[in-house]
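Trainee: Predicted model and sequence follow; I will ask about them next.
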There are 2 protein chains.
Amino acid sequence: MTKFEKLRKKIISKRFIVGIVGVGYVGEALGRATCEAGIKTIGFEISRSRVENLRNQIPRNFHLTDNKKYLSKCDVICICVPTPLSAKGNPDTTLLENAAAEIANYLIPGQLIITESSVAPGTSKNIIKPILEKSGFTAGTDFYLGYSPERVDPGNNNFTVSNIPKVVSGINEESRQLTTDFYSTFVKKTVPVASMEAAELTKIMENVFRLVNITLVNEIAEYARGVNINIWEVIDAAATKPFGFLAHYPGPGAGGYCIPVLPVYLLDSAKKNKVKLPLITLAEKLNKKQPDKVADLALKLINGNGNAKLINGDKPKALLVGISYKEEVSDTRESKAIIIWKKLEKEGVEVQYHDPYIKKYNGSESRELTTDFLNNVDMIIVATPHKKIKYESLISAQKPLIDTKNHLSSYNKPFIYRI
Amino acid sequence: MTKFEKLRKKIISKRFIVGIVGVGYVGEALGRATCEAGIKTIGFEISRSRVENLRNQIPRNFHLTDNKKYLSKCDVICICVPTPLSAKGNPDTTLLENAAAEIANYLIPGQLIITESSVAPGTSKNIIKPILEKSGFTAGTDFYLGYSPERVDPGNNNFTVSNIPKVVSGINEESRQLTTDFYSTFVKKTVPVASMEAAELTKIMENVFRLVNITLVNEIAEYARGVNINIWEVIDAAATKPFGFLAHYPGPGAGGYCIPVLPVYLLDSAKKNKVKLPLITLAEKLNKKQPDKVADLALKLINGNGNAKLINGDKPKALLVGISYKEEVSDTRESKAIIIWKKLEKEGVEVQYHDPYIKKYNGSESRELTTDFLNNVDMIIVATPHKKIKYESLISAQKPLIDTKNHLSSYNKPFIYRI
């Protein structure tokens, strides 16, 4: 039996071990799915605090370790580390390269290595492959190399790893076949594509679509505000069109580790390949500016152009409600609420926050929505409207309130402002 | 019984006459639906050639006339005239204003006037209403005024007037109620919105969404070409994501009387209201340039950078296949194929065309795809791939062929170029 046939047999019979490198939200979701399918799963995670957080949440058979030597015990290894932006806003693949280098140290022939991290087209072939081959082994023959982008949507309970179709690819036909076999053991539908580059671009295209459409709806919202039309009603009406439309909603700008991040990876790659992407370039720029609009409206209200009466004199107080990048998650990466916070502080406003998912942030603590506390703030910004926030308390305070996502429209109060 | 109650009773019992002003594709589709529902329908159409064309196609009980005095016989009048761009590319509402003026001449109290033409927000209230009130009657009391945007998708057999939800609005509650009642007699679902402006913006938003997303996919296609990835495979893979994505496809640019037109109406209105719409402005500009990319590739092939061998010396011949603005229609308004044609002619290329839906265009005749004819052309551009075109003949010619919409991918021939 060839190496290929041997691994294939192991995978199909589910008698194999999968290693997950990086147990963030992607690795956690993947590990849950493999454990549920009865596959032996080892999570490699170096962050102690992350491991502590995971201990009580994950299935019992999801083994966590920071000991890399167990990489050699795995038949399949999935790389699930983040691919963020650097402080300067450029693509930063350091974590990914480090993960590949560690795997190279322990690589043994016959293993299948799959990247799930979102990357620019060409990364699997031109960055990951050469690093892994420092092991002395060749991708496609000694070991197998695949790419299958994660599509996890945190906070969305309708879709999980197992019922979201999985795009799969490999550096050669054998690698792609094994990658398909692996996901088929716990995912309902796999979607093979011809090249790893096509799979890489697929994920980016999905995120670029979101970025551009969220930016577009924010732009139309600005027009609607200018001519006094309720944009939310318009979106709902347009959404009744049974073809050719998909509703997106205004807000303080798209945040998180995918929508504002992956388009930057694409723009960077386009620049290197001398392709101009003017529409995506502009959308990325406009989305970055979107939180400023919220901050500007807040300052306008604070400075009395609205109906605010400053009770805190020249050190006005604003309450930021919901600081994660989207509803029902605790993640603040690329959260536009944080940008609003920073801008207001820069302008001399004291910012406090309330978020039921985030107890502490950057030296601050989530404040309880007591009457005393709310009486003492000058204005409120609902940036991320989690379901479990006590909106009744916010309304009772009768302070100028910016409702960035139209969550409080049913209250219909004169002190509520839409962006 | 009040005027309102009287008209309402007539409408609900289907004992009323509807007049349709302008029997283009919108008026024709509307009239078919009212006739099918057993409503007495009169179409007002001044173009004799259009009337001739319609005679044998429309239901027998769909009466056509150019005699405006019958407007006074109608209980409900729907304005369905086109709202195109002027030669200079600006919004041109002349036909709409003329229609309203004619109706004003024959207006009688108790009528319901509804506009279906796509317009900038505020048009019904600020342009149509004052013109109609030149009759001496007041909108909302003497007569009723509604707005309900058409959503007809020519060539799409799955959706017709009766099964596409209809957004309805009126200048006051009574007008909106009557408009809702009217459409409810032959449309499955009506969607009332608070104002005519909201209904007007709804239609524009749907078209802007399409324009921006078609422009976006053309931009990503350019990147994909640059790095040698098959964009069509990527789109199909992305389309397997069960949320947050809607597939759009590359091509020679969005054409027709809606997608490239209505965004210009919005941009014009935004300018007047001092709102900036940078993303839509850019998308509109890029979409206009898209056919140039096809023409440029054609010129490149003609000039021998591809594998073309000019058989017609310094007067090369190109065959343009499909010149309507989209598949399965005969309409050439804002068709990007025509832009390609013009550009090639300007560069000294002789252009001939083949389109099974368009026998004659601008002094040219649709050419048969005979072997002799095809042998004598230097290259082929498939701009609008109608189903009934004989692609086998095109392939047999083995000429350089630009396949703008990837319709011929299954042939996999070296002389086929994607844009």
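Mentor: The structure has been received and is ready for your questions.

Trainee: Any chance you could list what contacts stretch A:200-208?
Mentor: With contacts defined as C-beta atoms under 8 Å, 6 or more residues apart in numbering or on different chains, stretch A:200-208 is touched by A:118-124, A:147, A:149-151, A:167, A:193, A:258-259, A:261-263, A:265-266, A:280, B:216, B:220, B:224, B:229, B:234-235, B:237-238, B:241, B:244-245. C-beta: built from backbone N, CA, C; applies to glycine.

Trainee: Ignore what I typed, I meant stretch A:186-198.
Mentor: A:33-34, A:36-37, A:39, A:121-122, A:124-125, A:145-147, A:161-171, A:176, A:180, A:183-184, A:199, A:202, B:227-230, B:233-234, B:237, B:240.

Trainee: what's the answer for stretch A:234-250, then?
Mentor: A:210, A:213-214, A:216-218, A:220-221, A:224, A:231-232, A:404-406, A:419, B:151, B:153, B:156, B:158-159, B:163-165, B:167, B:189, B:191, B:193, B:198-199, B:201-202, B:205-206, B:209-210, B:244-246.

Trainee: Could you do stretch A:405-419 as well?
Mentor: A:221, A:225, A:232, A:249-252, A:293-294, A:297, A:301, A:306-307, A:382, A:384-385, A:391, A:394-395, A:398-404.

Trainee: List only buried entries from the residues you listed.
Mentor: Buried members of the contacts of stretch A:405-419, scored by 16 or more other C-beta atoms under 10 Å in any protein chain shown, are A:221, A:225, A:232, A:250-252, A:293-294, A:297, A:301, A:306, A:382, A:384-385, A:391, A:394-395, A:399-404.

Trainee: quick one: which of those sit in helices?
Mentor: Counting by DSSP state H, the buried ones among the contacts of stretch A:405-419 place A:221, A:225, A:232, A:293-294, A:297, A:301, A:391, A:394-395 in helices.

Trainee: residue ranges for the strands of the stretch 251-400 of chain A, please.
Mentor: Assigned by DSSP state E, counting those that start in this stretch, the stretch 251-400 of chain A shows strands spanning A:317-321, A:350-354, A:360-361, A:364-365, A:379-382.

Trainee: what's the answer for the stretch 101-250 of chain A, then?
Mentor: Secondary structure of the stretch 101-250 of chain A (DSSP E, counting those that start in this stretch): strands at A:112-115, A:144-147, A:166-170, A:190-192.

Trainee: what would those look like in a markdown table with distance to A:Leu71?
Mentor: Output for those, formatted as a markdown table (distance: least, C-beta to C-beta, whole Å):
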| stretch | distance to A:Leu71 |
| --- | --- |
| strand A:112-115 | 10 |
| strand A:144-147 | 15 |
| strand A:166-170 | 20 |
| strand A:190-192 | 25 |
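
Trainee: Can you add mean neighbour count, distance to A:Lys289 and mean pLDDT and give those strands back as JSON lines?
Mentor: Shown next, in JSON lines, are the strands of the stretch 101-250 of chain A (neighbours: other C-beta atoms under 10 Å in any protein chain shown; distance: least, C-beta to C-beta, whole Å; pLDDT from 0 to 100):
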{"stretch": "strand A:112-115", "mean neighbour count": "28", "distance to A:Lys289": "33", "mean pLDDT": "98"}
{"stretch": "strand A:144-147", "mean neighbour count": "29", "distance to A:Lys289": "33", "mean pLDDT": "98"}
{"stretch": "strand A:166-170", "mean neighbour count": "27", "distance to A:Lys289": "32", "mean pLDDT": "98"}
{"stretch": "strand A:190-192", "mean neighbour count": "20", "distance to A:Lys289": "36", "mean pLDDT": "98"}
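
Trainee: ok, the residue of the stretch 251-400 of chain A found nearest chain B - contacts?
Mentor: Taking C-beta to the nearest C-beta, chain B has its nearest neighbour within the stretch 251-400 of chain A at A:Val275, 4.1 Å off. Listed by C-beta under 8 Å, 6+ apart, the contact partners of A:Val275 are B:222-223, B:226-227.

Trainee: farthest residue from the center of chain A?
Mentor: A:Met1 (41.9 Å; C-alpha atoms, centre = their mean).

Trainee: Find the nearest non-adjacent residue to that one, please.
Mentor: A:Lys9 (7.4 Å; C-beta to C-beta, 6 or more residues apart in numbering or on different chains).

Trainee: Would you check how far apart the one you found and A:Thr190 are?
Mentor: 18 Å (C-beta to C-beta, to the nearest Å).

Trainee: before we move on, what about A:Ile46?
Mentor: A:Ile46 is 30 Å from A:Thr190, by C-beta to C-beta.

Trainee: which element is the residue nearest to A:Met1 on?
Mentor: helix A:3-12 (DSSP states H and E).

Trainee: Quick one: name whatever helix or strand follows that helix.
Mentor: Heading C-terminal from helix A:3-12, the first helix or strand you meet, by DSSP H and E, is strand A:17-21.

Trainee: doesn't A:Leu369 make contact with A:Lys390?
Mentor: Yes - between A:Lys390 and A:Leu369 there is a contact under C-beta atoms under 8 Å: 5.3 Å.

Trainee: the more surrounded of these two?
Mentor: A:Leu369 (20 against 13; other C-beta atoms under 10 Å in any protein chain shown).

Trainee: just the residues of the stretch 51-200 of chain A that are near chain B, which are they?
Mentor: A:121-122, A:151, A:153, A:156, A:158-159, A:163-165, A:167, A:189, A:191, A:193-195, A:197-199 (C-beta under 8 Å from any C-beta of the partner chain).

Trainee: got any ranges where chain A has weak pLDDT?
Mentor: A:305-313 (pLDDT under 70).

Trainee: Domain-wise, how is it divided?
Mentor: Domain ranges of chain A: A:3-194, A:203-287, A:290-418, per automatic domain parsing.

Trainee: re earlier: out of the residues of the stretch 51-200 of chain A next to chain B, list just those in helices.
Mentor: Per DSSP H, helices hold the following members of these: A:197-199.

Trainee: Skipping its backbone neighbours, what lies nearest the residue nearest in space to the middle of chain A in space?
Mentor: By C-alpha atoms, centre = their mean, chain A has its centre lying nearest to A:Tyr257, at 3.7 Å. Excluding its sequence neighbours, the residue lying closest to A:Tyr257 (C-beta to C-beta, 6+ apart) is A:Arg333, at 4.9 Å.

Trainee: Surely the one you found touches A:Gly256?
Mentor: Yes - A:Arg333 is within contact range of A:Gly256, at 6.3 Å (criterion: C-beta under 8 Å).

Trainee: now the helix or strand where A:Leu64 lies: how far from the chain's centre is it?
Mentor: Using DSSP H and E, A:Leu64 sits in strand A:62-65. With C-alpha atoms, centre = their mean, to the nearest Å as the basis, strand A:62-65 stands 23 Å off its chain's centre.

Trainee: quick revisit: what's the PyMOL syntax to select whichever of the ones in helices among the residues of the stretch 51-200 of chain A next to chain B are buried?
Mentor: Only the buried members of those enter the following PyMOL selection, criterion being 16+ other C-beta under 10 Å:
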select buried, chain A and resi 197+198+199
